[in-house]
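# A predicted structure for the sequence below; I have some questions about it.
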Amino acid sequence: MEFGIFVQGHVPLTQLAADPDFEHTSLMNDIAIAKAADKAGFKYVWASEHHFLDEYSHLASNDVFLGYLAAATERIHLGSGIFNPLPQANHPVKVAEKVATLDHLSNGRFEFGTGRGAGSREILGLGLPDTAITKEIWAEVVREIPKMWLQDSYSYEGKWFSMPERNVLPKPWKKPHPPMWYAAGNAPSYEMAARMGLGVLGFSVGSPADAEAAVAAYKKAVPAAEPVGAYVNDNVMVTSSAVCLADGKRARRAASTMGMGRLQSLVFRYHDTFPRPDWIPAWPEVLPEPTVEEVEWRLRNGYLICGDPDEVLAQIKRYEATGIDQLTFGLPIQLSLADTLETIELIGRYVIPKLDKDPVHRTTRFRSAAAALGK
């Protein structure tokens with residue numbers, strides 16, 4: 001099992017009240033976190049693309065952010081979590097060009113994650129008529145982007161975008177092209193991604209039990225994949241929050257004050273295409289922050305990874321048992337930068353060497369195999 005981190009320019013109002021420049025501070029912290037993860041042996045960093053989502057995510061131009069990280073890191077793969085390829089948000093040709101450029105700048109370390117946007121606030125703000133139509137548009141576009149990389153002469157006349165014959169440049173540096181992923185939210189989406197040969201970015205997985213069902217749906221479908229690109233990226237990534245400190249009690253106290261209640265409320269405020277559970281209040285009401293006892297309940301039931309390195313290792317092994325390929329720790333929370341860096345350093349020292357013994361990235365193996373076959 002491989003490991004990653006996920007950042008998204010989180011700017012909580014409480015942080016902004018204490019530091020009027022926290023929007024800037026947040027982005028600088030995310031850079032520091034990514035550099036620390038690279039040094040600690042994490043294999044992936046994923047960066048969001050969101051628009052208009054106050055507090056939740058102020059990282060809109062993740063191509064710029066990842067371009068900076070290409071020069072600031074050495075080994076870690078840099079992933080778009082996501083690039084939105086809908087023509088109303090980003091023209092598909094521009095997306096293909098950005099991906100290929102990042103492939104060059106990162107020396108082949110870029111991972112191309114796609115998706116359809118967070119919800120109505122984002123989608124309607126970008127000029128789309130409704131959220132329901134995004135699936136159809138995405139399905140049309142995602143099949144065309146690999147053709148732009150692999151063909152010297154490309155043209156297209158479709159329902160949602162068209163272009164005259166052109167050579168889309170640059171071409172990806174490392175052949176045949178970067179690994180392709182899709183941000184999926186439920187079992188049918190996992191199955192669809194598998195059939196298309198796409199890896200899955202499982203940002204909505206809540207526990208190992210959820211991961212087990214999602215992995216089963218994906219792995220059952222992927223052997224029959226007809227990839228939209230040059231190869232199958234057989235990969236399931238899921239996310240969890242994590243606090244790993246030398247003192248397990250201190251880790252629990254930190255988890256109880258890092259803004260989990262408000263963050264979860266923001267998720268359902270903006271991701272309004274998700275069914276909202278009855279226990280999530282309608283915005284602007286927010287969930288209270290968990291007590292230390294409630295933190296204990298969450299980690300016992302797999303909804304949080306928290307404790308000292310030995311405890312965290314045991315909790316992560318529950319994810320390993322589900323068959324996921326990558327566990328990514330979401331860091332858009334109000335954990336202090338010092339505690340976040342300690343978490344990364346301790347997981348890198350005590351957890352990753354026990355669970356990820358392959359020095360080569362899983363996606364690199366798929367890509368290299370396809371290149372050897374001349375695809």
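Alright, I've got the coordinates.
# hey, where'd the helices end up in the stretch 151-300 of the chain?
Assigned helices in the stretch 151-300 of the chain, in chain order: 187-195, 208-221, 248-256, 260-270, 292-300 (criterion: DSSP state H, counting those that start in this stretch).
# gap between whichever helix or strand comes after the last one and the chain center?
Elements were assigned by DSSP states H and E; along the chain past helix 292-300, the next helix or strand is strand 305-307. Centroid separation between strand 305-307 and its chain, computed with Cα atoms, centre = their mean, to the nearest Å, is 20 Å.
# Quick one: list the elements packing against strand 305-307.
If contacts are counted by 3 or more Cβ pairs under 8 Å, 6 or more residues apart in numbering; DSSP states H and E, strand 305-307 sits against strand 242-244, helix 248-256, helix 292-300, helix 309-320. (Glycine included, C-beta is placed from N, CA and C.)
# would JSON lines of the ones you listed with distance to residue 62 and mean neighbour count be doable?
JSON lines is the format used below for the helices and strands packed on strand 305-307 (distance: least, Cβ to Cβ, whole Å; neighbours: other Cβ atoms under 10 Å):
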{"stretch": "strand 242-244", "distance to residue 62": "22", "mean neighbour count": "29"}
{"stretch": "helix 248-256", "distance to residue 62": "27", "mean neighbour count": "20"}
{"stretch": "helix 292-300", "distance to residue 62": "29", "mean neighbour count": "16"}
{"stretch": "helix 309-320", "distance to residue 62": "25", "mean neighbour count": "18"}
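# Using a markdown table, please lay out the ones you listed together with mean pLDDT and distance to residue 135.
As requested, those are exported to a markdown table (pLDDT from 0 to 100; distance: least, Cβ to Cβ, whole Å):
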| stretch | mean pLDDT | distance to residue 135 |
| --- | --- | --- |
| strand 242-244 | 98 | 31 |
| helix 248-256 | 97 | 35 |
| helix 292-300 | 96 | 32 |
| helix 309-320 | 98 | 28 |
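# Buried residues of the helix ranked longest in the chain, list them for me.
Longest helix in the chain, counting residues (DSSP state H): helix 22-40. When neighbours are counted by 16 or more other Cβ atoms under 10 Å, the buried residues of helix 22-40 are found to be 22, 25-27, 29-30, 33-38, 40.
# Quick one: list the elements packing against the strand or helix carrying residue 64.
Applying DSSP H and E as the criterion places residue 64 in helix 62-72. Contact analysis of helix 62-72 by 3+ Cβ pairs under 8 Å, 6+ apart lists helix 22-40, strand 44-47, strand 77-80, helix 92-105 as its packing neighbours.
# Give the other helices and strands that the longest one contacts.
If I follow you right, that is helix 22-40. Against helix 22-40 (3+ Cβ pairs under 8 Å, 6+ apart) you get strand 2-7, helix 13-18, strand 44-47, helix 62-72, helix 337-350.
# Taking the centroid of the chain, which residue is nearest it?
Central residue of the chain (Cα atoms, centre = their mean): residue 81, 3.9 Å from the mean position.
# now for the helices and strands packed on strand 305-307, which one comes closest to residue 176?
Nearest to residue 176 among those is helix 309-320 (30.4 Å), distances taken as Cβ to Cβ.
# thinking again about what came up before, can you redo the helices and strands packed on helix 62-72 as a markdown table with distance to residue 71 and mean pLDDT?
Shown next, in a markdown table, are these (distance: least, Cβ to Cβ, whole Å; pLDDT from 0 to 100):
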| stretch | distance to residue 71 | mean pLDDT |
| --- | --- | --- |
| helix 22-40 | 11 | 98 |
| strand 44-47 | 14 | 98 |
| strand 77-80 | 11 | 98 |
| helix 92-105 | 7 | 98 |
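# one step back: out of the helices of the stretch 151-300 of the chain, nearest to residue 9?
So among the helices of the stretch 151-300 of the chain, helix 260-270 is nearest, using Cβ to Cβ, at 13.0 Å.
# So what's the model's average confidence on that closest one?
Per-residue pLDDT over helix 260-270 has a mean of 96.
# got a list of contacts for that helix?
10, 12, 50, 53, 55-56, 118-119, 121-122, 241, 274, 276, 280-281, 283, 285-290, 304, 332-333 (Cβ atoms under 8 Å, 6 or more residues apart in numbering).
# Output the helix holding residue 64 as CSV - backbone C-alpha positions only.
What follows is helix 62-72, C-alpha atoms only, in CSV (Å, rounded to 0.1, in the frame of the first residue of the first chain):
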residue,chain,number,x,y,z
ASN,A,62,-3.8,24.0,-8.7
ASP,A,63,-1.8,23.8,-12.0
VAL,A,64,0.2,26.8,-10.8
PHE,A,65,0.6,25.3,-7.4
LEU,A,66,1.8,21.9,-8.8
GLY,A,67,4.1,23.7,-11.2
TYR,A,68,5.8,25.3,-8.2
LEU,A,69,6.0,21.9,-6.4
ALA,A,70,7.6,20.4,-9.5
ALA,A,71,10.7,22.4,-8.7
ALA,A,72,10.4,22.3,-4.9
